[in-house]
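Visitor: pasting the sequence and the predicted model now:
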Amino acid sequence: MLKIIFACVHNAGRSQMAAAFFNRLADPQKAQAVSAGTEPGERVHPEVLAAMQEAGIDLSDAKPRKLTEDLAKDADLLITMGCGDQCPYVPGLRREDWPLRDPRGLPSEEVRKIRNEVQRRIAGLINREGVSFGAPI
């Protein structure tokens with residue numbers, strides 16, 4: 001089972017979108033994703049909730065959480081979401097950085113662009129890691 005952590009600073013936008021898309025599109029028998037942040041916010045950004053609802057994913061129950069050693073201990077891959085020097089480092093994990101803009105406070109059309117880019121990157125990751133339901137997505 002492949003475990004991926006999507007991380008950003010507040011765990012209230014990009015990383016929440018990425019984990020939700022990954023868990024929707026990947027075969028749950030092969031992989032799972034979690035999201036976390038180095039300084040978790042109080043809640044998922046409202047503009048992110050709205051954009052994901054448009055994509056058919058309800059994040060209203062999602063809660064930002066802290067990236068801890070315990071959460072990371074059995075992970076295989078850490079994908080940081082463009083948080084620069086504030087991005088976490090977890091020893092022993094493969095790591096990628098996706099330089100994505102923070103959607104907080106942006107107009108709906110900009111949040112949709114970020115959401116669509118996250119979804120595109122997730123599809124590529126699922127295909128690359130071989131964890132799709134069957135045929136590549």
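Guide: Arrived safely, thanks for sending.
Visitor: contact partners for the nearest residue to residue 26 once chain neighbours are set aside?
Guide: Excluding its sequence neighbours, the residue lying closest to residue 26 (Cβ to Cβ, 6 or more residues apart in numbering) is residue 131, at 4.7 Å. All C-beta atoms are positioned from the backbone trio N, CA, C, and that covers glycine. Residues near residue 131 by Cβ atoms under 8 Å, 6 or more residues apart in numbering: 2, 26, 27, 30, 31.
Visitor: so residue 44: helix, strand or coil?
Guide: coil (DSSP: H, G, I helix; E, B strand; the rest coil).
Visitor: and the helix or strand hosting residue 7, what other elements does it pack with?
Guide: Secondary structure assigned from DSSP states H and E places residue 7 in strand 2-8. In terms of contacts (3 or more Cβ pairs under 8 Å, 6 or more residues apart in numbering; DSSP states H and E), strand 2-8 is packed against helix 14-25, strand 31-37, strand 77-80.
Visitor: what about the closest residue to residue 67 other than its chain neighbours, how many neighbours?
Guide: Spatial nearest neighbour of residue 67, chain neighbours left out: residue 36 (3.7 Å); criterion: Cβ to Cβ, 6+ apart. Residue 36: 23 surrounding residues under other Cβ atoms under 10 Å.
Visitor: so what's residue 36 up against?
Guide: Counted by Cβ under 8 Å, 6+ apart, residue 36 has contacts 5, 6, 7, 11, 15, 65, 66, 67, 68, 71.
Visitor: so for it, what pLDDT did the model give?
Guide: On the pLDDT scale, residue 36 is placed at 95.
Visitor: what of residue 108?
Guide: pLDDT at residue 108 comes out at 97.
Visitor: kindly report the same for residue 85.
Guide: For residue 85, pLDDT reads 70.
Visitor: okay, now it: neighbour count?
Guide: 4.
Visitor: relative to residue 71, how far out is it?
Guide: Separation of residue 85 from residue 71 (Cβ to Cβ, to the nearest Å) stands at 21 Å.
Visitor: hey, which of the helices and strands packed on strand 2-8 is tucked in deepest?
Guide: helix 14-25 (a mean of 25; mean count of other Cβ atoms under 10 Å).
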